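In: Provided below are the primary sequence and the corresponding predicted coordinates.
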Amino acid sequence: MFIEGVIRLVFPYFVYLTVQSVTERKAATPVKKQKKEGKLSNIIGTIFFAILVALVSREFEYCMIAIGSGSMTGTINKGDAVIYRAYDKSSEVPEEGDVLVFYKDSMIVVHRIIKKHNVYGKVVYQTKGDANEEADNWLVHEEDVIGIVKRRVPLIAWPSVKLNELF
């Protein structure tokens, strides 16, 4: 699953680089200046790529996931990515209004908490997609929570979403 995620993330970057190199016309600049610009862009690209791989790997405190549905449209749109903090019940407790990343029937879902319940001494959450008219017909148990959304990155996940729709 990790390798598939990395491939889905890396493939659009290589397509972009290929298209850029084919369409870009180099101006008549000295060779030394071209080399310096090339090195700088390679360094920046490598750092950017390393950060994306780290976020997608889900092995660190902050992780990233592509949004492939429109259930949160308005707040988080299809094709956006969200950066979330991995859930650790000792450090942060989700509250009403927070957007959760959680497992539901082996799928990862990103929805907002609309109500917090205490059922037999355990905390469960009632969730709802912002674009959905009704609340979800299930409760999210604490052990199913993956993380709490911290940031939205608009449109960055479109290539990944389109690749996922193909396969």
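Out: Received, thanks.
In: quick test: name the residue nearest the centre of the protein.
Out: The structure's the chain has its C-alpha centroid closest to Ile65; by CA atoms, centre = their mean the separation is 2.3 Å.
In: centre of the chain to the longest strand along the chain, how far?
Out: Under DSSP state E, the strand in the chain containing the largest number of residues is strand 107-119. Remark: strand 107-119 is offset 18 Å from the chain centroid, using CA atoms, centre = their mean, to the nearest Å.
In: mind listing what's buried in the next helix or strand after that strand?
Out: Counting by DSSP states H and E, the next helix or strand C-terminal to strand 107-119 is strand 122-128. Counting neighbours by 16 or more other CB atoms under 10 Å, one finds that the buried residues in strand 122-128 are Val123, Val124, Tyr125, Gln126, Thr127, Lys128. Every C-beta, even on glycine, is put in place using the N, C-alpha and C of the backbone.
In: how about stretch 128-136?
Out: Of the residues in stretch 128-136, those buried by neighbour count under the rule 16+ other CB under 10 Å are Lys128, Gly129, Asp136.
In: do you know how far Val145 is from Val99?
Out: Using CB to CB, to the nearest Å, we find Val145 at a distance of 11 Å from Val99.
In: and Ser69, by the same measure?
Out: Distance, Ser69 to Val99, by CB to CB: 14 Å.
In: ok, now Lys89?
Out: Distance from Lys89 to Val99, by CB to CB: 17 Å.
In: and the two? which has more neighbours close in?
Out: Legend: neighbour count by other CB atoms under 10 Å for Lys89 and Val99, higher for Val99 (22 against 11).
In: next up, the contacts around the more buried one.
Out: Shown in contact with Val99 (CB atoms under 8 Å, 6 or more residues apart in numbering): Met72, Thr75, Ile76, Val82, Val110, His111, Arg112, Ile113, Ile148, Val149.
In: let's see 7 Å
Out: Val110, Arg112, Val149 (CB atoms under 7 Å, 6 or more residues apart in numbering).
In: repeat for Glu142
Out: Shown in contact with Glu142 (CB under 7 Å, 6+ apart): Lys89, Lys122, Val123.
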